[in-house]
Each structure stands twice: as structure tokens, then as C-alpha cells.
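S.K.: Show me how the following folds:
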Amino acid sequence: MTSGTVTNGTFYARGNLASFNGTLMDCPVDAVCGYIRLSGSTFNETADFTDLGAATGTGAGGCTFNGDVTITHTGTLTYFTLANTTGDTFNGNVTFTNSSNREIHIASSGATLFNGNVILNSTSSGGISIANGGGSATLATGKTISIGSSGFSADFLTLKNFTQNGSTAQTLTLTGTAVVNMIAATFGDAAALNELVADELALETHLKAVNSLYFTKLAPGDTLDDSDSSNVLEIALLPYFEGGEASFIGIGMLGLEHTPSIPQLRLRNEVPMGDIPPAPIAQLTTIYPNPTSDFFYVKTEGVKVEKLEIYDARIKLLITIEKNIVGSAISVNYKPGVYGVKLYLITGEVKWFKLVIV
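M.R.: Got it, this is the predicted structure:
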């Protein structure tokens, strides 16, 4: 058919050649012919094409398939070619089956779009190639390319210039002598993958930053200066998907889970000589013996400790104690190493100590 519109019923094509050139098929199509050519046509319903291999079926492409499509290639010594000049668009699912000893060429030229699922079968020595003639093919986000119920047991499945958008897992299970040949094929949206990699790097960077400050400043008993506090606060205020575990560690380091603002203990402001204020109560708080092998005590100057937490070197909370803290032996039945002890004072101050267990 050259141009024209077909509506109502089902369009059956039989004989030596079925050529669809600039036609609008507004009805289901069932074509079983010696060879088939698909060029510049629109198929709004299901379309089933079976090429019997009487001659090479070469379609120029530029077709739009809005319903599910099946394309079957049989016979000997002839090829079946799609999109020889312009890419096709498949908006429904499409199934390709080759039982011939010559290939099915899909997306030979131009850019072919698969907006539905792609199902492949090959049971003879012909095989199937996608975009092996200089074209390209793109699989839409959330869609799959897979092997059908007839299997793919012979020859090559060639995927060249094939791109999968999105990150849906794909499974291609070939059997017998079949081989997958991938050339410049990309599975997974490059932009999405890059974003995931960037996110992972950011999470690692944040975690390294807070851990570094913990072990270089807080654990040895030092305090954070203004710059340190600002950096940790930025991380603490990030949503979890951006800051990850570092957000929670930052909140703990700043005491924000206990008080609505950064405790004064965490800030080291410049003060003029001769005008040095009294040491905060937290600076008069300590733990001993340190190092220890089995227990330690908490000593304070007349201030109540509301809660004590012990963390391992990865800032993982090991235990929380809320009663009988000051003056009582705190048991530490842990492996030798460096640990963090966090004290919450009734004044709202939070104090970290490095505890060495030997």
C-alpha cells in the first residue's frame, strides 16, 4: 500500500509482497508474505508481520507503532531490515523472532525508540542485530529487553549504540551457541548513574569530615572552633539522602539532639587577655582511669550528668546509661581500641571524651 488510511476490521495481507509506504493503519494488521517493507507508516493497533523469506525485506523506516507488534522472519538466504534510512518508534511492546539463517536488522539507520518492552527470539543461525548499521536504539525508562519463550539459542545478538534509560535491571539469558555482542551499549541512564556516583562521593566526603573532626578535636578533649562548628552544622542540617550517617553524627557532635542551638562548649571565641571567663563546667568534667581495661568513672564538679553514651571508632552507639553515672563504675567489656564517651550535662552542655581500652 502506498499512502491511504485503513480503518475498521482487520487488515490481512497475503502473497509475495506486503509494502506499507506512507499509510495510516487504524486497524489491526496481520501480514504473512514472501517479504515485507515498512516505510513511513503509522500503525495504531496491533500489528503482526511474518516475512517468509522470498526476498530481502528492506524498509526505509520512519514508522510509528502505537500498539503491540510481532515481527517474525523465516525462510532462507534473505534478510529482514527495519529502519534502513530513518529510525522507527515502537510505543507498545515488540517481539522479534528469527527462525531464518539470515539476520533481522533492527534500527539499521537513524534513531529508533523503544517505548515499550523488547522481546527477542532466535532459534536458527540468523541471529538479531540492533543498530549494527550505523543507527542507534534507545530503551525507555522502566522498560526491559529480554529473551522470549522461544529462546535465543543460535548465532549473535548484537547490541550496538544501544542505550537503556533508567536503571531497571535487565536479564538476557542465551542458550546453545548463542552469543551476545555489545558495542557501545549503555545499560542504565548515564546521567542517573553519574548522579548516584556523585551522591556516593558526597556521602563519603561528609562522613570523612565529621569523623576527622571527632578524632582530631573532640576525642582528645579539644573543642570545635567557629569554622569547625559551621562546617559540621552544614552537614548536620542536610537531609539524610544528602548527608547520610554524617548528618546524625554531626547532630550528635553539636548536641543539637539535646539543645536547640550549638552549645557554647563547642565554640571557641577569641577573648582579650585578662578577660578570660571562668572555665565552663564541662571543662571540669573528666573520666578516669583512661586507658582502662574493664571500667571507668565519671567525675564532675557538682553538676549532674543526665545521660552517658559510648560509641565505637565508627561512631556507632554501643550503650546508653541514664542512671547512677557519676561515681559509679561504668563497665566496658569491649575489644581493645579507641572509643568515644559522650556526656549530657544538666546545664545543656555536651562533652566528648576519647576512651582507650587496652
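S.K.: May I ask you to confirm that K307 is in contact with I346?
M.R.: No - contact status for K307 versus I346: not in contact, 9.9 Å apart, counting by CB atoms under 8 Å. For the C-beta atoms, the positions are set from N, CA and C on the backbone; glycine is no exception.
S.K.: Domain parsing of this protein, as residue ranges.
M.R.: 5-188, 192-266, 281-357 (automatic domain parsing).
S.K.: so which of these is the most packed in?
M.R.: Most buried of the domains of the chain, by mean neighbour count (mean count of other CB atoms under 10 Å): domain 5-188, with a mean of 19.
S.K.: and that domain, how far apart are its ends?
M.R.: 39 Å (CA to CA, to the nearest Å).
S.K.: next one: stretch 289-303
M.R.: End to end - CA to CA - stretch 289-303 spans 20 Å.
S.K.: average pLDDT for that stretch?
M.R.: If you average the pLDDT over stretch 289-303, you get 88.
S.K.: next one: it to chain centre, how far?
M.R.: 47 Å (CA atoms, centre = their mean, to the nearest Å).
S.K.: rewinding a little: can you tell me which of the domains of the chain the model trusts least?
M.R.: Note on the domains of the chain: lowest mean pLDDT is at domain 192-266, with a mean of 70.
S.K.: Which residues does stretch 120-127 contact?
M.R.: The contact list for stretch 120-127 (CB atoms under 8 Å, 6 or more residues apart in numbering) reads 73, 95-104, 128, 145-158, 172, 178.
S.K.: cool, stretch 57-67 as well?
M.R.: By CB under 8 Å, 6+ apart, stretch 57-67 touches 20, 28, 35-47, 51, 78-92, 94, 108-110, 112.
S.K.: what about stretch 82-98, how long is it end to end?
M.R.: OK, stretch 82-98 end separation, CA to CA: 14 Å.
S.K.: next one: stretch 5-25
M.R.: End-to-end for stretch 5-25, by CA to CA: 6 Å.
S.K.: same check, this time on stretch 288-297
M.R.: Note: stretch 288-297 ends 5 Å apart using CA to CA.
S.K.: Can you give the distance from it to the centre of its chain?
M.R.: That offset, for stretch 288-297, works out to 46 Å (CA atoms, centre = their mean).
S.K.: Return the residues in contact with V305.
M.R.: Counted by CB under 8 Å, 6+ apart, V305 has contacts 285, 298, 325-326, 343-346.
S.K.: Looking at these, which are in strands?
M.R.: 298, 343-345 (DSSP state E).
S.K.: farthest pair in these?
M.R.: Greatest spatial distance in those: V298 and Y344, 11.4 Å, computed using CB to CB.
S.K.: residues shared between the contacts of those two?
M.R.: Contacts common to V298 and Y344, judged by CB under 8 Å, 6+ apart, are 305, 308.
S.K.: so G148 touches V118, yeah?
M.R.: No - if you go by CB under 8 Å, G148 and V118 don't touch, sitting 9.7 Å apart.
S.K.: the strands in the stretch 101-250 of the chain, which residues?
M.R.: Listed in chain order, the strands of the stretch 101-250 of the chain (DSSP state E, counting those that start in this stretch) span 104-106, 111-114, 118-122, 128-130, 136-139, 145-152, 156-160, 162-164, 179-183, 186-187.
S.K.: Which of these sits closest to S230?
M.R.: strand 186-187 (41.0 Å).
S.K.: what's the closest one packed up against?
M.R.: strand 162-164 (3 or more CB pairs under 8 Å, 6 or more residues apart in numbering; DSSP states H and E).
S.K.: Apart from its chain neighbours, what residue comes closest to T141?
M.R.: The shortest distance from T141 to any non-neighbouring residue, by CB to CB, 6 or more residues apart in numbering, is to G166 (3.3 Å).
S.K.: Show the contacting residues for I36.
M.R.: By CB under 8 Å, 6+ apart, the residues touching I36 are 17-20, 49-51, 57, 59, 80.
S.K.: hmm, back to that, so which of the ones in strands among the contacts of V305 would you say is closest to T320?
M.R.: Y344 (10.0 Å).
S.K.: List the beta-bridge partners for that closest one.
M.R.: Counting by DSSP bridges, Y344 is bridged to K307, V350.
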